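> Give me a 3D structure for the following:
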Amino acid sequence: MTSSNAHDPGGASDDLTGLRILLVEDSWHVGKAMKTLLQLLGAEVAGPAATGGEADRLCSEQVPDLALVDFHLRGGELATGLIDRLHDRGVPVVVITGYAVLPVTPNSVVTILQKPVNKDLLLATIRPFTARRPAS
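Residues are numbered from 1 along each chain as shown. Below is the predicted model:
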């Protein structure tokens, strides 16, 4: 994976300041790395949550602008129900998984990213949601 600290003057900035992201990931190492990256870029990150129940609790405290959800969670739990609940609340969901085929409704997710996730692809997926933020 290649990355650069330089900002693209063409508007493809890495700035995610103020974007509220719910991170649902049962792997501690993956979750910590993603949270650190997103926070360094200015996002407010709730999580990582390892189960649907933890994610629901975090979402009830503050509704996120976007959710990054691993499909296979702790204890063999599948994120299907969580994805549906987030979709019903109007929270866009990006699924991050190592599995090629998932039983999710295409309308309930923005996209599915394969692990390991490339930083540039992750940012390209998240970046449009910064434009949807209400002005502070």
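> What segments of this structure are strands?
Assigned by DSSP state E, the strands in the chain fall at 20-24, 44-49, 66-70, 93-97, 111-114.
> Neighbouring strands of the third one in the sheet, and parallel or not?
According to DSSP bridges, the neighbouring strands of strand 66-70, each with its direction, are strand 20-24 (parallel), strand 93-97 (parallel).
> Need those in CSV (columns: mean pLDDT and distance to Gly81).
Backbone N, C-alpha and C define where each C-beta goes, glycine included. CSV is the format used below for these (pLDDT from 0 to 100; distance: least, CB to CB, whole Å):
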stretch, mean pLDDT, distance to Gly81
strand 20-24, 97, 12
strand 93-97, 92, 12
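> Could you identify which of these is most buried?
strand 20-24 (a mean of 24; mean count of other CB atoms under 10 Å).
> just how off-centre is it within its chain?
Offset of strand 20-24 from its chain centre (CA atoms, centre = their mean, to the nearest Å): 5 Å.
> mind saving the C-alpha coords of it as CSV?
Extracted C-alpha coordinates of strand 20-24, given in CSV (Å, rounded to 0.1, in the frame of the first residue of the first chain):
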residue,chain,number,x,y,z
ARG,A,20,-18.8,10.9,12.5
ILE,A,21,-18.0,7.3,11.7
LEU,A,22,-19.2,4.2,13.5
LEU,A,23,-16.5,1.5,13.2
VAL,A,24,-17.6,-2.1,13.6
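> what's that strand in contact with?
Applying CB atoms under 8 Å, 6 or more residues apart in numbering, the external contacts of strand 20-24 come out as 31, 34-35, 38, 43-50, 52, 54-55, 58-59, 62-70, 73, 79, 82, 86, 91, 126.
> can you do 6 Å?
With contacts defined as CB atoms under 6 Å, 6 or more residues apart in numbering, strand 20-24 is touched by 35, 38, 43-49, 55, 58-59, 64-70.
> Got a ChimeraX select line for the buried ones in the residues you listed?
Command for ChimeraX that selects the buried part of those, burial taken from 16 or more other CB atoms under 10 Å:
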select :35,38,43,44,45,46,47,48,49,55,58,59,64,65,66,67,68,69,70
